[in-house]
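[1] When you get a sec, could you give me coordinates for this:
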Amino acid sequence: MINVSETADPENSIQLITDVQVEPNQTDDATLMERSLDDQAEREIGISPLESGRGHRISGGVGLYVRRQADGLGRYVWEQALQALVGWVPTLVGIGLRALAYRLMLRMDGWVAVENGVRLRFANHITLRQRAYLDEGVYVHACPHGVHIGAGTLVMHGAVLHVYNFRDLPHAGIWIGEDSLVGEYSVIRGQGGVHIGDRVYTSPMVQIVAVNHVFDRPTRSFTDQGITAEGITIEDDVWIGSGAVICDGVSVGAGAVVAAGAVVTEDVPPHTVVAGVPARVVREIEGREVGGRGEVYFGDERWQV
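    Next comes the predicted model:
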């Protein structure tokens, strides 16, 4: 309870709080009964507090920290030592050193380029194919099932590829095809599994998030109601504009274009353009040229449209 008294100064009309008593947080009987019934129902069908979301902590001690960084303490020490030794070295010298040294902890197929300042976790679950490139400031956190980056694919500055599978989800992982590009500061979360095809370009700050929180029960925090993780598929030759969000459970068809800032909550048909919040089809790509674009550049060629 808060008691307030006014000063005698009419010009300022200042109010002084003279006594503050904070009432303890109380939960009504109906809420307590509903939680009790929920607990009883979950016990009867064999759901543990961890499976239902209750008891799942996002922080903890040193042991939990290590388990979320590598497959074990020995592996954690080895991966951290190797990155501390050569991970900071700049220029082509550093790229060359890492192309050799990181083979001791990553799965590499051919020569790849890893810039300085790249953070790698669960490195033995990361696969880089020939000509893959990780720019400065990239963070790759693989967890079991891993992160697979195809030949010739570029992951640009500040991008985050995080499988985030701390609940033993069966389909978690991130798979990116060949000659694709993950734009600056884009985020890919792979709890439900993210499958990205060949020649897929994401512009800066795209979010591809294969997970969702359950929040149906008003008597419980969403943190105590579990998650769903259906997965996301993005087929070949898709272009995703800056700031777009691809939500869990969505499939984006081949040749589609997602406009900047769109929030995609439903499947996108092949060879269509979607825009808006939520995203809707605004155009079909039918092979006819759209005028008014100005000068077009492709390799050494240019032409007017």
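[2] hey, let's count contacts and neighbours off CA atoms from now on
    Fine.
[3] for the regular element (helix or strand) spanning Gly63, packing partners?
    Using DSSP states H and E, Gly63 falls within helix 62-67. When contacts are defined as 3 or more C-alpha pairs under 8 Å, 6 or more residues apart in numbering; DSSP states H and E, helix 62-67 packs onto helix 73-86.
[4] avg pLDDT for the helix holding Gly63?
    Average pLDDT, helix 62-67: 85.
[5] How about stretch 95-103?
    The model assigns stretch 95-103 a mean pLDDT of 96.
[6] Alpha carbons of that stretch, as CSV, please.
    C-alpha atoms of stretch 95-103 as CSV (Å, rounded to 0.1, in the frame of the first residue of the first chain):
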residue,chain,number,x,y,z
ILE,A,95,43.2,-17.4,-43.2
GLY,A,96,46.0,-19.8,-44.3
LEU,A,97,46.8,-20.8,-40.7
ARG,A,98,43.2,-21.5,-39.9
ALA,A,99,42.7,-23.5,-43.1
LEU,A,100,45.3,-25.9,-41.8
ALA,A,101,44.8,-25.8,-38.1
TYR,A,102,41.0,-25.9,-38.0
ARG,A,103,41.0,-29.2,-39.8
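[7] Please tell me how far the residue most central in space within the chain sits from Ala84.
    Nearest to the geometric centre of the chain sits Arg189, at 2.7 Å (C-alpha atoms, centre = their mean). Distance check for Arg189 against Ala84: by C-alpha to C-alpha, to the nearest Å, it reads 26 Å.
[8] What's the local residue count around the nearest residue to Asp248 once chain neighbours are set aside?
    In this structure, Asp248 finds its nearest non-sequential neighbour in Ala210, 4.2 Å apart by C-alpha to C-alpha, 6 or more residues apart in numbering. Using other C-alpha atoms under 10 Å, Ala210 is surrounded by 27 other residues.
[9] going forward can the numbers begin at 40, since that is how I track them
    Right, with 40 as the first residue, what we last looked at is Ala249.
[10] which residues does Ala249 contact?
    Taking C-alpha atoms under 8 Å, 6 or more residues apart in numbering as the criterion, Ala249 is in contact with 228-233, 268-271, 286-288.
[11] could I get the residues you listed as TSV with distance to Cys182?
    TSV is the format used below for the contacts of Ala249 (distance: C-alpha to C-alpha, whole Å):
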residue	distance to Cys182
Arg228	12
Gly229	10
Gln230	10
Gly231	13
Gly232	12
Val233	14
Ala268	16
Glu269	18
Gly270	16
Ile271	18
Cys286	21
Asp287	19
Gly288	21
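[12] quick check, nearest of these to Thr304?
    Cys286 (5.5 Å; C-alpha to C-alpha).
[13] Is it correct that that closest one is in contact with Val302?
    Yes. Cys286 lies in contact with Val302 (C-alpha atoms under 8 Å); the separation is 7.4 Å.
[14] wait, isn't Val226 in contact with Pro243?
    No. Between Val226 and Pro243 there is no contact under C-alpha under 8 Å: 9.5 Å.
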